[in-house]
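Enquirer: Give me the fold of what follows.
(chains A and B)
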Amino acid sequence: MPTESAPRRYRFAPSPTGSFHVGGARTALHNWALARQNGGTFVLRIEDTDAARNRPEWTQGIIDALAWIGISDADPHFEGPHFQSANAAAHVAAAQRLFDSGHAYYCDLTADEIQARAKELGLSGYDGYSRDRGLGPGPGRVLRFRVPEGSTTVHDQVRGDVQFDNSTIEDFVLLRGNGTPMFLLANVVDDVEMGITHVVRAEEHLPNTPKQQMLWTALGHEPPSWGHVPVLVNEQRKKLSKRRDKVALEQYRDEGYLADAMVNYLMTLGWTPPGESEIVDWVEIEQAFRLEDVTHSPAFFDVKKLDAFNGDYIRAMPLDAFIERASREIPDDWDRDRFAAIAPHIQERLVHFDEVPGKVDFLFWPFDAPIDYDPDSWNKAFGAEWALPLLRDVSAAYGGLDGDSGWTAEALKAATEAVMEIHGVKLGKAQAVPRVAVTGRAVGPPLFESLEVLGQPETMRRLRLATDHAIGSTSAGRPE
RNA sequence: GCCCCCAUCGUCUAGUGGCCUAGGACACCACCCUUUCAAGGUGGCGGCACGGGUUCGAAUCCCGUUGGGGGUGCCA
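Expert: Next up is the predicted model:
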């Protein structure tokens, strides 16, 4: 174990695949919090495969995603990105050292031969056949690690000590038959060379940890401090997979989730902030997070709860900031002042920002366009006998308001109430008629405020259109 | 098959032997408020997987069972 005084170095080693996994985002956050609270360093190391090397935008995507959740390369605690492939020579050199020191040996058995032997001996894997055959390097020969007798104990910050019987670990391959290093070796060599002191990652890596630890020791170094956090799962309790589940952080970003909400939610998976509320800002999270307090069991990534967090964060935004953020979602030719006027009313109705256009679009329809009535909404609002007469009276009342000073939400409400009393209808039902007439839908922002923003001329035009539509549909539906 | 991890409401969790008649949040349901939808308020539904121990006392400690997940490659 590293000494307490040594500067801590946490590494985060994602592989670029075109999208950034929410589970990866969470462990990145764990490493980030720990590095910063201990004055350590967050080392970003990219596992650049052949595919990834041909797509630099994938790497950039990781950097962008990290920046979005607040992990910034402008921060002094941040180091990187480093690229694994840049260190290939060191990986092979380390393998050579392991061979020279007797920690590894060459083997010329093919996969088929290994399987045949295993079957014959009743074993599950490689039986160590070439351990003492004294083979040197050669084409087609792999270099295998000589797993020692005894057992290996992994001291895990989350789970405590985990013991593995070395006899259950087969002599794993370090170098392929073509001389290229295996990932496990490359990973450990990089960790050693970069002076990594703490490895915090998902639980799925725990079973491979004894191998890595043996490599650290064979290479002459003290293994790092480990921490394996529980995996994130879907509703089937399976590890979140890119194919089946919505796991790309960028997708949530693009749908208009707030980074703060995402970060907050992610951190509550497997860990609870100390206060009485689970809605807490990063400053508090960063200083309170402890690996020892992390839960041991897998956590379901619940989008519904994420939605609740996001709604909370949206509602907590200052109005100016809300308008600024929401305005990014609407087309350029939509009037900004008009949007700002209705913004306070949609702020508390929003789950994520990409819903903004759909909530306010009716305010921006061209002033000569026909109205597209949602059939269900129309039938609901105009199904009653009193609907059309009420629409006529409401139209007359609205038309009688002074378009300059009298066109306010209060006046519109009063006018509507006066009409509804004549028809003996409650406001809840009555407002549906002008609402569907003007917006085409049964739900939306508060009606009178919306009409105020829409203005008298356009409101009157839409009311006339709806009246015509109502007459047309009733006469068509009821033959004389 | 072998190895490892895990097990509290549907979900995320609090709980470290008596403060537990098991607390909170999300979801769901009802009611209130109300100009639709939300938001907000009040209330409700709902859980210690099972079986053995240990102990005066177990959600909590031990063993077993069952269930779930992960790993196990000349993939990364």
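Enquirer: A:R45 belongs to a helix?
Expert: No: secondary structure of A:R45 (DSSP: H, G, I helix; E, B strand; the rest coil): strand, not part of a helix.
Enquirer: What pLDDT is listed against it?
Expert: Listed pLDDT for A:R45 reads 96.
Enquirer: ok, it touching A:R11?
Expert: Yes: between A:R45 and A:R11 there is a contact at 5.6 Å, judged by C-beta atoms under 8 Å. Quick note: C-beta positions are derived from backbone N, CA and C, even for glycine.
Enquirer: Now do the shared contacts for the two.
Expert: Residues touching both A:R45 and A:R11 (C-beta atoms under 8 Å, 6 or more residues apart in numbering) are A:M194.
Enquirer: who has more neighbours, the two?
Expert: A:R11 (26 against 23; other C-beta atoms under 10 Å).
Enquirer: how about that one, phi and psi?
Expert: Note on A:R11: backbone dihedrals following degrees, to the nearest 10 are phi -120, psi 140.
Enquirer: Just list whatever residues bridge to it.
Expert: Note on A:R11: beta-bridge partners A:V43, judged by DSSP bridges.
Enquirer: who touches it in this structure?
Expert: Counting by C-beta under 8 Å, 6+ apart, A:R11 makes contact with A:31, A:42-45, A:191, A:194, A:196, A:198-199.
Enquirer: From the residues you listed, pick the one nearest RNA strand B.
Expert: Comparing these against RNA strand B with C-beta to the nearest atom of the strand places A:R45 closest, at 11.2 Å.
Enquirer: contacting residues for that closest one?
Expert: For A:R45, the contacting residues are A:11-13, A:80-84, A:190, A:194, by C-beta under 8 Å, 6+ apart.
Enquirer: Take the residues you listed and keep only those in strands.
Expert: A:11-12, A:80-83 (DSSP state E).
Enquirer: Are any of these buried, and if so which?
Expert: A:11-12, A:80-82 (16 or more other C-beta atoms under 10 Å).
Enquirer: Which residues of the stretch 251-400 of chain A lie near RNA strand B?
Expert: The interface of the stretch 251-400 of chain A toward RNA strand B, taken as C-beta under 7 Å from any atom of the strand, is made up of A:268-272, A:276, A:278, A:293, A:295-300, A:302, A:304-305, A:307-308, A:311-312, A:315, A:348-349.
Enquirer: Let me have the ones in strands among the contacts of A:R45 in JSON lines, extended by distance to RNA strand B and pLDDT.
Expert: Listed next are the ones in strands among the contacts of A:R45 as JSON lines, based on distance: C-beta to the nearest atom of the strand, whole Å; pLDDT from 0 to 100:
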{"residue": "A:R11", "distance to RNA strand B": "15", "pLDDT": "97"}
{"residue": "A:F12", "distance to RNA strand B": "14", "pLDDT": "97"}
{"residue": "A:G80", "distance to RNA strand B": "16", "pLDDT": "89"}
{"residue": "A:P81", "distance to RNA strand B": "15", "pLDDT": "95"}
{"residue": "A:H82", "distance to RNA strand B": "14", "pLDDT": "95"}
{"residue": "A:F83", "distance to RNA strand B": "11", "pLDDT": "94"}
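Enquirer: TSV for those residues, including distance to A:L447?
Expert: As requested, the ones in strands among the contacts of A:R45 are exported to TSV (distance: C-beta to C-beta, whole Å):
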residue	distance to A:L447
A:R11	56
A:F12	50
A:G80	54
A:P81	53
A:H82	58
A:F83	58
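Enquirer: Nearest to A:A470 among those?
Expert: A:F12 (61.7 Å; C-beta to C-beta).
Enquirer: would you list every one of the strands in chain A?
Expert: Under DSSP E, chain A gives strands at A:9-12, A:41-46, A:78-83, A:104-107, A:142-145, A:151-156, A:160-165, A:173-175, A:198-202, A:225-229, A:232-233, A:299-300.
Enquirer: Determine the set of other helices and strands touching the fourth one.
Expert: On a contact count with 3 or more C-beta pairs under 8 Å, 6 or more residues apart in numbering; DSSP states H and E, strand A:104-107 meets helix A:88-100, strand A:142-145.
Enquirer: Show the average pLDDT along the first one.
Expert: Pointing back at helix A:88-100 there. For helix A:88-100, the per-residue pLDDT averages 96.
Enquirer: For whichever residue of the stretch 1-150 of chain A sits closest to RNA strand B, which non-adjacent residue is spatially closest?
Expert: As assessed by C-beta to the nearest atom of the strand, RNA strand B sits closest to A:S124 within the stretch 1-150 of chain A, at 3.1 Å. Leaving aside its sequence neighbours, A:S124 sits nearest to A:A118 (C-beta to C-beta, 6 or more residues apart in numbering; 6.4 Å).
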